[in-house]
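Novice: mind looking at a prediction? Sequence and model below.
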Protein chains: 2
Amino acid sequence: MLDAAPLPDCDTLRPCGSCGARHLSVCARADEAGLKELAAIAETLDFAPDQTLAAQDEPAAHLFNITSGVVRVFKLMADGRRQIVGFLFAGDFLGLASGDRYAFGAEAVGAVTACRFRRGRYQALLARSPSLEGALLERASHDLRAAQEQMLLLGRKSATERLASFLTDTAARTGGDDIDLAMSRAEIADYLGLTIETVSRAMTGLKASGLITLSGARRVRVERPDALAALACGD
Amino acid sequence: MLDAAPLPDCDTLRPCGSCGARHLSVCARADEAGLKELAAIAETLDFAPDQTLAAQDEPAAHLFNITSGVVRVFKLMADGRRQIVGFLFAGDFLGLASGDRYAFGAEAVGAVTACRFRRGRYQALLARSPSLEGALLERASHDLRAAQEQMLLLGRKSATERLASFLTDTAARTGGDDIDLAMSRAEIADYLGLTIETVSRAMTGLKASGLITLSGARRVRVERPDALAALACGD
DNA sequence: CGAAATTTTGAACCGTTTCAACGGACGTGG
DNA sequence: CCACGTCCGTTGAAACGGTTCAAAATTTCG
């Protein structure tokens, strides 16, 4: 009987990027009884870089709680255009979007470990465990707020402002002004609604104005966090 | 004692624009006991065109259930740039975004009536009424999915594709290919991340290609729904 | 009917994209 | 240990889609 085995792994606490608070992960919110049931329907999995967790338009069989690594969540158009709607870090939850099919794809950026639940059994558990439902609602509300912020970015911000927003955000999420980017320029571009060339130029621009320094393409240090954050807001 | 007085007004059922299903409004989901309590903390209000329901960054004192009319939900930048993150119609719910302050502004587009709840008392009720919480979670998930779709639009679609998406969406939401737009070109522009001129030109373009006809700026008839929907997806 | 507001149209401009070439990091095999 | 090839990121130049500014046309409303 797999009682508490997979659970400790998905019980991660981490500071929230946008609001600073330390949200409990979904697993951690289950009550005593719920926790036991949760263990019974959970399994811990490892994913290789670029491996698929969920495929767009496929039946939504599972939900995930990310334990380590970074996951990209994206939507694809028929001609290949891609919009990354979010990056998930340890503690983040995947699978909230409604419907019986995934409205998005999800792939591992680097190596990822995640806690996986069968959707049907999870929902049955949910119905019996109100505190779990509350945790999910809190997270959904949180994600919704983040999505609205991203709409402002995509609809109204310049390339430089977008990158400044992204770096400020990422610094807050990973908890430090020394950022080790897990994602490529292509992924940043598809997240910010730009091309890799524009991302590169914007990065060079920020470096030139002394807001950041680079040591290798993926190692960014935010030198003037306040100025970067101000730029992100258009001031 | 105001028992069932304001409740019938916010018990609206309407077809869902994106998935076609008829979601129950939040009020309609409360159980017997919850419904009574809900009545006690609800009040029906009328809003004049452009009147504020909620102001960005102000304390989030209330939640709303729209009864009639259209509401614009938006985010503002310091220099006045505006991104409308969504339009709400009868039955839609406002106030899900987390935190103790509104992350967005909300204003009546035309005349609006809405059911208003005090946030604190609503949350207390929520804690005691799991079915209500489930309804909210369902709606939050639904909104999240819509937000992701909008991110794809804002990040990757051309002006014409954006307008085609908007018209297809609006036709589905208002239930008919004869659309009477409640919002101005400026509002459509701020929703689609464009300027009024570009919206106007895209509208002219759709008319020229025979996908729509116009009778007055705000009266749109979708002549070829399938072709319009295909265009919205980039095909 | 007349005035104000909104929408459409036109032309020049600009930021981002596109296309192309270069440079550097990394891993493999000689 | 170094040569080579590949992948990723950067840089440059030209092209494009959307914006900006300006003015005409249409609609709305008193």
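Specialist: Done, it's in. Numbers count the residues shown, from 1 in each chain, chains lettered A, B, ... in the order given.
Novice: show me which residues of chain A sit near DNA strand D.
Specialist: A:184-186, A:196-197, A:199-201, A:203-204, A:214, A:217-218 (C-beta under 7 Å from any atom of the strand). C-beta: built from backbone N, CA, C; applies to glycine.
Novice: and the gap between A:Ala39 and A:Leu125?
Specialist: Distance, A:Ala39 to A:Leu125, using C-beta to C-beta, to the nearest Å: 11 Å.
Novice: now do A:Thr170
Specialist: Distance from A:Thr170 to A:Leu125, by C-beta to C-beta: 33 Å.
Novice: mind jotting down where the helices sit in chain A?
Specialist: Along chain A, counting by DSSP state H, helices occupy A:26-29, A:32-41, A:119-128, A:130-156, A:159-174, A:185-192, A:196-208, A:225-232.
Novice: columns mean neighbour count, distance to DNA strand C and mean pLDDT on top of the ones you listed, output as CSV?
Specialist: Listed next are the helices of chain A as CSV, based on neighbours: other C-beta atoms under 10 Å in any protein chain shown; distance: least, C-beta to the nearest atom of the strand, whole Å; pLDDT from 0 to 100:
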stretch, mean neighbour count, distance to DNA strand C, mean pLDDT
helix A:26-29, 22, 34, 54
helix A:32-41, 16, 37, 69
helix A:119-128, 15, 36, 84
helix A:130-156, 22, 10, 93
helix A:159-174, 21, 3, 97
helix A:185-192, 22, 7, 98
helix A:196-208, 16, 3, 98
helix A:225-232, 17, 13, 98
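Novice: those helices: which one's closest to B:Arg116?
Specialist: Minimum separation from B:Arg116 across the helices of chain A (C-beta to C-beta) falls at helix A:130-156, 18.7 Å.
Novice: and the closest one, how far out from the chain's middle?
Specialist: In this view, helix A:130-156 has its centroid 11 Å away from the chain centroid, taken as C-alpha atoms, centre = their mean, to the nearest Å.
Novice: how big is the angle separating that helix from helix A:159-174?
Specialist: 160 degrees (axes from the mean of the first three to the mean of the last three C-alpha atoms, to 10 degrees).
Novice: tilt between helix A:130-156 and helix A:185-192?
Specialist: Using the same axes, to 10 degrees: helix A:130-156 against helix A:185-192 is 100 degrees.
Novice: is chain B within reach of helix A:130-156?
Specialist: Yes - Helix A:130-156 is in contact with chain B by C-beta under 8 Å from any C-beta of the partner chain, via A:130, A:133-134, A:136-138, A:140-145, A:147-152, A:154-156.
Novice: and for A:Gly175, the neighbour number?
Specialist: 11 (other C-beta atoms under 10 Å in any protein chain shown).
Novice: tell me the buried residues in stretch A:47-54?
Specialist: Neighbour-count burial for stretch A:47-54 flags A:47, A:53-54 (criterion: 16 or more other C-beta atoms under 10 Å in any protein chain shown).
Novice: and of those residues, the nearest to B:Ser209?
Specialist: Distances from B:Ser209 to these, taken by C-beta to C-beta, are shortest for A:Ala54, at 36.4 Å.
Novice: what's the burial count for the nearest residue to that closest one once chain neighbours are set aside?
Specialist: Setting aside the residues directly before and after it, A:Ala54 is nearest to A:Ala106 in space (C-beta to C-beta, 6 or more residues apart in numbering or on different chains), at 4.2 Å. Using other C-beta under 10 Å, the number of residues around A:Ala106 comes to 24.
Novice: any idea how far A:Ala106 is from B:Asp79?
Specialist: 36 Å.
Novice: domain ranges for chain A?
Specialist: Domain segmentation of chain A under automatic domain parsing yields A:8-152, A:157-232.
Novice: ok, now which ones touch the closest residue to A:Ile179 other than its chain neighbours?
Specialist: Excluding the flanking residues, the one nearest A:Ile179 by C-beta to C-beta, 6+ apart is A:Val220, at 4.5 Å. Taking C-beta atoms under 8 Å, 6 or more residues apart in numbering or on different chains, we find A:Val220 in contact with A:167, A:178-179, A:181, A:212-214.
Novice: how near is A:Val220 to A:Gly175?
Specialist: 14 Å.
Novice: now swap in A:Arg128 and tell me
Specialist: 35 Å.
Novice: distance check, the residue positioned nearest the centre of chain A against A:Thr213.
Specialist: Nearest residue to the geometric centre of chain A (C-alpha atoms, centre = their mean): A:Leu88, 1.9 Å. In this view, A:Leu88 and A:Thr213 are 27 Å apart by C-beta to C-beta.
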